[in-house]
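> okay, here's the prediction I keep looking at, along with the sequence it came from:
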Amino acid sequence: DGGFSRGMGADGDDQATAAQALAQQARADVNLRAPIVVVGALPFLVALLQSAHSVAPENAANALAVLAKDENIWQPIADAGAVPALVALLRVGTTTGRSHAANAMAWLSDAPTLRKKVVDVGALPLLV
């Protein structure tokens with residue numbers, strides 16, 4: 001898992017920093033997006049979406065939004081459980097967290113195979 005399960009035991013600040021670093025790396029180099037998924041970052045990011053830490057969910061949603069720009073990663077993101085977790089963040093997150101979650105959902109909803117899932121989890125009313 002690339003050490004990401006160990007990251008789940010780190011404190012909230014460290015987790016938020018790790019998620020931010022993943023977002024920055026994925027944004028800076030599109031060729032790093034697939035390797036970030038391969039090393040197991042998705043379960044870590046999805047878990048952070050539900051963190052009580054003030055910034056970790058925002059950073060995790062940002063990282064997922066950046067990763068979701070790659071259509072080859074849409075299904076792995078969904079398979080990791082991100083869609084319902086992003087919807088939960090849309091409901092109760094900070095303004096920044098909701099913005100990043102909406103961005104991720106917009107990318108994911110471009111996938112024909114995920115559109116029904118996006119609707120079924122109740123994302124549409126939260127996005128319009």
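It's in.
> please count neighbours and contacts with C-alpha atoms only from this point.
Noted.
> just give the number of residues close to L32.
15 (other C-alpha atoms under 10 Å).
> give me every residue that touches the nearest residue to it once chain neighbours are set aside.
Nearest residue to L32, sequence neighbours excluded (C-alpha to C-alpha, 6 or more residues apart in numbering): A26, at 5.7 Å. When contacts are counted by C-alpha atoms under 8 Å, 6 or more residues apart in numbering, A26 is found next to L32, R33, I36, A63, V66, L67.
> for A26, give its distance to I36.
Taking C-alpha to C-alpha, to the nearest Å as the measure, A26 falls 8 Å from I36.
> longest helix anywhere in the protein?
helix 12-28 (DSSP state H).
> report the mean confidence score over that one.
For helix 12-28, the mean pLDDT works out to 95.
> swap in stretch 109-122?
74.
> over to stretch 82-102?
The average pLDDT for stretch 82-102 rounds to 92.
> in the helix or strand A78 falls within, what counts as buried?
Secondary structure from DSSP states H and E places A78 in helix 74-79. Of the residues in helix 74-79, W74, I77, A78 count as buried by neighbour count, 16 or more other C-alpha atoms under 10 Å.
> tell me the one of those residues nearest A18?
I77 (17.7 Å; C-alpha to C-alpha).
> right, and that closest one touches A41 too?
No: counting by C-alpha atoms under 8 Å, no contact exists between I77 and A41, whose distance comes to 10.0 Å.
> report the contact partners of the most centrally placed residue in the chain.
Closest residue to the average C-alpha location of the chain: L64 at 2.9 Å, with C-alpha atoms, centre = their mean. Counting by C-alpha under 8 Å, 6+ apart, L64 touches A23, L42, L45, I77, A104.
> quick one: mean pLDDT over whichever strand or helix holds it.
Element membership for L64, per DSSP H and E: helix 56-67. The average pLDDT within helix 56-67 is 97.
> neighbours around A61, how many?
Using other C-alpha under 10 Å: A61 sits among 32 other residues.
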